[in-house]
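A.B. asks: quick one, fold the following:
(chains A and B)
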Amino acid sequence: MSTAVDMPRFVRAKQVEALPPPNLARGPIAWIRENLFSGPFNTLLTLVVLYLLYVSVPPMVKFLFIDAVWTGTDRAACRADTGGSESGACWAFIWDKINYFIYGSYTVSERWRVNIFFALLAIGVVWLLWLRAPRRDLGAVYFFWIFPTASYILLTGGNESFSGRFWIGFAILGALVISLFAFVAAVLKASMRPALVIGGGIVAVVGVTLALVDMDFGLAHVPTSLWGGILVTLLVATVGIVVSLPFGIVLALGRRSKLPIVRLASVIFIEFVRGVPLITVLIMANTMLPLFLPGDMTVDRLLRPLIGTALFASAYMAEVVRGGLQAMPKGQYEGAMSLGLNYPQMMSLIILPQALRIVIPGIVNTFIGLFKDTSLVAIVGIFDLVKTIEASRIDPNWAAPTIGMTGYVFAALFYFIFCFGMSRYSLGVERRLAAGQKR
Amino acid sequence: MQTAVSQTSPPKKSFLYDPKVRGIFYQVVLVAAIIFLFYMAATNAIENLQRAKIASGFGFLNNTAGFDISQTLIQFSAAGGTYGDAFIVGLLNTLVVSAIGIFFTTFLGFLIGIARLSKNWVVANVAMVYVEVLRNVPLLVQLLFWYIAVLGALPQPRNSLEMGAGFYLNSRGLFMARPLWGDTIWVLVAVLAIGIVGTLLYRRWAKQQQERTGRQSPVGKVALALLLGLPILTWILLALLGTNPITFELPRKGTFNLTGGMQVLPEFVALLLGLVTYTAAFIAEIVRAGILAVSKGQTEAAGSLGLKPGQTLRLVVVPQAMRVIIPPLTSQYLNLTKNSSLAVAIGYPDLVQVFMGTVLNQTGQAIEVVVITMGVYLTISLVTSFFMNIYNRRMAIVER
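C.D. replies: Next comes the predicted model:
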C-alpha cells in the first residue's frame, strides 16, 4: 500500500462504541432544563418569577377561596368581633345582594321582563357573531330594529300614549317624506316605484315602531331611575353598539368622501371625540344637553350618558371602519363603477360587505373598550354594576372590612369574563379570516 | 381631436345628474343642518341660562374659589386662590400624574412585552396572564380596587410605618423629605448644563473619530461621569464650603400626625398604580408586536457581519422595532393622560375633579368649564399627534 504523496494518515481500524443516548432529551425533566434552567440568567429569572408567584398566588387563593365566607345573612359572618372571618372574601355579601347587582332597584314583580331582555340580547349577539348562523341579514334586522323596540317596550313598559296631535304631526311628516322621495324621482326622471317603496318603507318602519311603543301591553311602567346593576351596564353597552356601528360607518364614509365639507365635518367630529376623555363627554352630556334643549323638554337622566357613550363609541368605530375601507383594493371600487353602480349601490353591495368583514376583529376590540368604558357612567351617578357595588359597600348591614375588596373582585370577574370571551372570539375570527388569505 | 369630440355632442342630460352639482347640493344641506343645530342649541342655551340666572363669559376665572385642594404644586389657598388658579393647580396635577405614569409604564410595559417573548415558559406565561387580566378589567374597577387595597393596608397616622431615610407611610399618604433649594443652586444647575453640553460634544467627536479611524470611544462612561459625577462632585464641594445648594426638610413625627416634609397622597399612589399597571399591559402587547415585526433574517445578517448580540439588539433590532412601536406607543401615552381623568372617582384633584367637578358645581357655568377642560385635552392630543407625524415622516422607510 503506497500512495503518491506520503502523508500521515489515520484510519480507524475498529468500530467505536456508540455513545449513550443523551441523558435527557425528551420528557418533562429535559423540558424543564431546557426551558427554565438553560443558563445562569434564565435560572435566576425562573427563580425570581417563581418566588413572586409564591408570594402572590397562595394568599390570593387563600383570600378568594380557602378563608372566604360563603354563607351568612349579614355583617356578622364577615367580622372578627362577631365570630366571623375577616381574612377571606365575603361571598355571602355578593350572594345576599346579587339581585340588586343584576337588576338594581327594578320593581321586583316585573324582573322577568329584564330576564327576557337578557335572553333577547343573547339571541341577537349569537345570531350576529356566529359566522355560520342562518340568515344573518335577518339577524341584523332583528338586532338593529326588532330587538331595540322590544327591549324598550319590555324595560320601560311602553304605553307611551302619544297624543292625537303627535300622530297628526307624524302623518304630515310621513307624507312629506314620501312626497319628497317621489319629487326627487320625478325630477331625476328615475322610476317612481323604488322611490315610493323606500320612502314608504322608512315611514312605515318608524310608524310601526312608534305604534308599538304607543300600544298598551298591560305592562306596568318602570321609571329609569329604578334601573340598575348589570341591566344598566349591558344596556349602555348595547345602545352603544347598536348606535355606534351604523353611525360609525356613516362617519367613516364621510371621512373618505370626496366632498370637502362632508369630509371636514367628519374629521372634526372624529378627532374631537377621540381627543378628549370619555368622562368629559359624559359630564358634558349630563350638564350641557339640558341647556341645549328647549326649556320645557327634559332628557331622561339615563338617556344622557347613553347619548354620550354612543357618540364616543361612534368616533372610535369610524376609525376602525375607515381602516377596512382603506384596505379595500382600488380595483374593487373601479370594478363596481365599471358595472355602472352608483355610490350607494357600490358601497352597500361591494365595498362595505368586504370591508366590514375584515374589520370584525377591530369592531369587537372597540366593543371591548366600550364595554369597559360603560363603568364610567357610575361617575355621573348612573347605577351601573360599579355604582351598585359602591352603594352596597357602605350598607351598614354589611359593614365589614373585606366587603369593598369582595365587591370589586366580583365586578372585575364579571367584566373579565365578558371581555376575555369577546377577545377570544375576535382572535378566532382573525385566524379564520387569515386562513382564507393563506395560500 | 377637439372638434371630433364637440361634433358628437353628448345626449342632453339634466344638470341634476352632474356629480359636481349633486356634491354641492349635499354639502349645502349638511351645512344648513349643522348651522340649524348650532343655532337651536345656542338660542336654547341663552334662554335657559337667563332663566336660571347663570352668568356667562370667562370672568368667573378671576373670582375667589373658596375651596381647598389637597395637592397643590403652586401656592393655592381657599381664601386667596381664584378659579383660574384652581384650573392651573388641577392641570398641573394631571400633568404630574401623567408624566410620572408615562415614565413608569414605559419601563413596566417594555419589561412585560419582552418577558412575553421569553423562551422561559414560566416568565412568558406569567406575562401573558398579567396582560390578559389587566387588559380585560375596566380601569375604573382597578382604580377603586387599588384605592381600597392601598388605603386599607396602611396604618393610622399616629402609628406610621417608619421606613428610614425620612420616609413615613400612613393612611394619609407617603411622607418624605422635602428638598429646599439653597442660594448656590444656580451653580449646580450650571454644572449640569455644562455636563449635558459636554456629553453631546463628546458624542459628536467620538462618532467622527470612529468614522475616521474606526476606533471606538467609551461614550457611556464619559457621559456618566459628566452627567452624574460632575454635579455630585460640585455638590460635595459646595457643601464642604458651607453653602449647601440642596438641604432636606425631614417630616417630624408629632403625637397624632406628621408635619413638614413632602406628602404624597394615597389617591395619587392609587391612581399612579392603576394607570401604570393598566397601560403597561397595552404597551406590552405593542412591544411584543414590534419585536415580532423585525424578521429573523435581520438578526442573522447582523450576526454574520460580526456584531455582538448586544450590538445586534441596539443597532439592528431595536431601531427597526421602534418604527413599529412608537406610533401606537404614543397613542397609549395619550390614553394614559386621558385616563388620568378617572381620578375623579377616587378623589385625586386632577383637572376634571377640580375644574369639571368642584368649579362647575360652584359656578354652574357648564359651557365655559366644559369647553376649557375639553380644550386642554384636545390641545394635548393635537400637539402630540403633530409631533408624532413629524417623527413618522423622519422614521418612515426611505425607499429608492
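A.B. asks: quick one: mean pLDDT for stretch B:37-50?
C.D. replies: Averaged across stretch B:37-50, the pLDDT comes to 87.
A.B. asks: what's the answer for stretch B:290-302, then?
C.D. replies: The average pLDDT within stretch B:290-302 is 89.
A.B. asks: got the residues of the stretch 151-300 of chain B near chain A?
C.D. replies: On the criterion C-beta under 8 Å from any C-beta of the partner chain, chain A has as its neighbours in the stretch 151-300 of chain B the residues residue B:152. Bear in mind the C-beta positions are built from the backbone N, C-alpha and C, glycine included.
A.B. asks: tell me which residue of the stretch 151-300 of chain B lies closest to chain A.
C.D. replies: Proximity of the stretch 151-300 of chain B to chain A (C-beta to the nearest C-beta) peaks at residue B:152, 7.2 Å away.
A.B. asks: how about that residue, what does it touch?
C.D. replies: By C-beta atoms under 8 Å, 6 or more residues apart in numbering or on different chains, residue B:152 lies in contact with A:401, A:404, A:405.
A.B. asks: looks to me like the second one is in a helix.
C.D. replies: Pointing back at residue A:404 there. Yes: Residue A:404: assigned to a helix according to DSSP: H, G, I helix; E, B strand; the rest coil.
A.B. asks: surely it touches residue B:146?
C.D. replies: No: checked against C-beta atoms under 8 Å, the pair residue A:404 and residue B:146 is beyond contact range at 11.5 Å.
A.B. asks: that's a strand at residue A:221, yeah?
C.D. replies: No: with three-state DSSP as the criterion, residue A:221 is coil rather than part of a strand.
A.B. asks: now the end-to-end length of stretch B:49-57.
C.D. replies: 12 Å (C-alpha to C-alpha, to the nearest Å).
A.B. asks: got a list of contacts for it?
C.D. replies: Applying C-beta under 8 Å, 6+ apart, the external contacts of stretch B:49-57 come out as A:291, A:295, B:363, B:364, B:365, B:367, B:368.
A.B. asks: give me the buried stretch members for it, please.
C.D. replies: residue B:49 (16 or more other C-beta atoms under 10 Å in any protein chain shown).
A.B. asks: in the chain, which helix or strand is least confident?
C.D. replies: Reading this off chain A. Lowest by mean pLDDT, DSSP states H and E among the helices and strands of chain A is helix A:27-36, with a mean of 79.
A.B. asks: actually it's chain B I care about, not the one you picked
C.D. replies: For chain B, counting by mean pLDDT, DSSP H and E, helix B:2-7 ranks last in confidence among helices and strands (a mean of 48).
A.B. asks: would you map the helices across the stretch 1-150 of chain B?
C.D. replies: Applying DSSP state H, counting those that start in this stretch to the stretch 1-150 of chain B gives helices spanning B:2-7, B:19-52, B:83-116, B:121-135, B:139-153.
A.B. asks: Serialize those helices to CSV and add fields for distance to residue B:305.
C.D. replies: Shown next, in CSV, are those (distance: least, C-beta to C-beta, whole Å):
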stretch, distance to residue B:305
helix B:2-7, 62
helix B:19-52, 56
helix B:83-116, 24
helix B:121-135, 29
helix B:139-153, 45
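A.B. asks: those helices: lowest mean pLDDT?
C.D. replies: helix B:2-7 (a mean of 48).
A.B. asks: now residue A:377: closest residue in space, sequence neighbours ignored.
C.D. replies: Counting by C-beta to C-beta, 6 or more residues apart in numbering or on different chains, residue A:377 lies nearest to residue A:305, which is 4.3 Å off, once chain neighbours are set aside.
A.B. asks: right, I mislabeled it, should have said residue A:273
C.D. replies: Closest residue in space to residue A:273, ignoring its immediate chain neighbours: residue A:315 at 3.7 Å, by C-beta to C-beta, 6+ apart.
A.B. asks: so what's that neighbour up against?
C.D. replies: Applying C-beta under 8 Å, 6+ apart to residue A:315 gives the contacts A:248, A:251, A:269, A:270, A:272, A:273, A:274.
A.B. asks: what about 6 Å?
C.D. replies: With contacts defined as C-beta atoms under 6 Å, 6 or more residues apart in numbering or on different chains, residue A:315 is in contact with A:270, A:273, A:274.
A.B. asks: filter the residues you listed down to just the ones in strands.
C.D. replies: With strands defined by DSSP state E, no entry of these lies inside them.
A.B. asks: now render those as TSV, adding pLDDT.
C.D. replies: Shown next, in TSV, are these (pLDDT from 0 to 100):
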residue	pLDDT
A:270	93
A:273	93
A:274	91
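A.B. asks: just give me the closest of those to chain B.
C.D. replies: Distance ranking of the contacts of residue A:315 against chain B, using C-beta to the nearest C-beta, places residue A:274 first at 7.4 Å.
A.B. asks: give me the number of residues near the closest one?
C.D. replies: Here the neighbour count serves as a burial measure; for residue A:274 (other C-beta atoms under 10 Å in any protein chain shown) it reads 18.
A.B. asks: follow-up on the earlier one: what would the contacts of residue A:315 look like in a markdown table with distance to residue A:201?
C.D. replies: Shown next, in a markdown table, are the contacts of residue A:315 (distance: C-beta to C-beta, whole Å):
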| residue | distance to residue A:201 |
| --- | --- |
| A:270 | 30 |
| A:273 | 31 |
| A:274 | 34 |
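A.B. asks: which of those sits closest to residue A:262?
C.D. replies: Distance to residue A:262 across the contacts of residue A:315 (C-beta to C-beta) is lowest for residue A:270, with 12.5 Å.
A.B. asks: isn't the closest one right up against residue A:320?
C.D. replies: No: contact criterion C-beta atoms under 6 Å: residue A:270 and residue A:320 do not qualify, at 11.2 Å.
A.B. asks: that older thread, and the gap between the residue nearest to residue A:273 and chain B?
C.D. replies: Separation of residue A:315 from chain B (C-beta to the nearest C-beta, to the nearest Å): 12 Å.
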